[in-house]
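Novice: Sequence first, predicted model second:
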Amino acid sequence: QVHLVESGGGLVQPGGSLRLSCAASGFGFRHYVMSWYRQTPGKERELVAEIGSGNPWKNYAADAKGRFTISRDNDKNSLYLQMNNLKPDDTGVYFCSVFRETLRYWGQGTQVIVSS
């Protein structure tokens, strides 16, 4: 049973940093592409960053490039998102996600609020 648990969200001032974590279990983590998505009120959930398995490639949304870094630790079954120079538009609920066997799985999300 796939289980994803995000942590690390919070309230931060513009220009600040946060590091999100996702603990994964119930599947072969190291073999799957992992993703971070963000949802804000009134908008569809959008991809922020994704990372391949093995020798991982990384892909970022345009507004995340240069500020966010996705990484993974396959020995710890963990996914991370380092977010720097945060902006108010980065506010939202961040979800860890994996697509496995025709289904996309989500964690419960972690709230990020960027505000002065």
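Specialist: Looks like it came in fine.
Novice: Checking the residue nearest the centre of the chain next. Helix, strand or coil?
Specialist: Centroid-nearest residue in the chain: residue 36, 2.8 Å away (criterion: CA atoms, centre = their mean). Following DSSP: H, G, I helix; E, B strand; the rest coil, the label given to residue 36 is strand.
Novice: Model confidence for it, exactly?
Specialist: Residue 36 is assigned 98 on the pLDDT scale.
Novice: Surely it is in contact with residue 97?
Specialist: Yes - using CB atoms under 8 Å, residue 36 is in contact with residue 97, at 7.4 Å. From N, CA and C alone the C-beta is placed, and that goes for glycine too.
Novice: Who does the residue nearest to the centre of the chain form a beta bridge with?
Specialist: The partner list for residue 36 in beta bridges (DSSP bridges) reads residue 49, residue 96.
Novice: Please report how far it lies from residue 14.
Specialist: Distance, residue 36 to residue 14, using CB to CB, to the nearest Å: 20 Å.
Novice: do you know how far the most far-flung residue of the chain relative to its centre is from residue 26?
Specialist: Relative to the centre of the chain, the most outlying C-alpha is that of residue 116, 23.0 Å out, by CA atoms, centre = their mean. Going from residue 116 to residue 26 by CB to CB gives 40 Å.
Novice: And residue 79, by the same measure?
Specialist: Between residue 79 and residue 26 the distance is 14 Å, computed by CB to CB.
Novice: same check, this time on residue 98
Specialist: According to CB to CB, residue 98 stands 10 Å off from residue 26.
Novice: residues shared between the contacts of those two?
Specialist: Common neighbours of residue 98 and residue 26, counting by CB atoms under 8 Å, 6 or more residues apart in numbering, are residue 2.
Novice: Name the residue in the two with the higher neighbour count.
Specialist: Taking other CB atoms under 10 Å, residue 98 and residue 26 do not tie; residue 98 has more neighbours (21 against 13).
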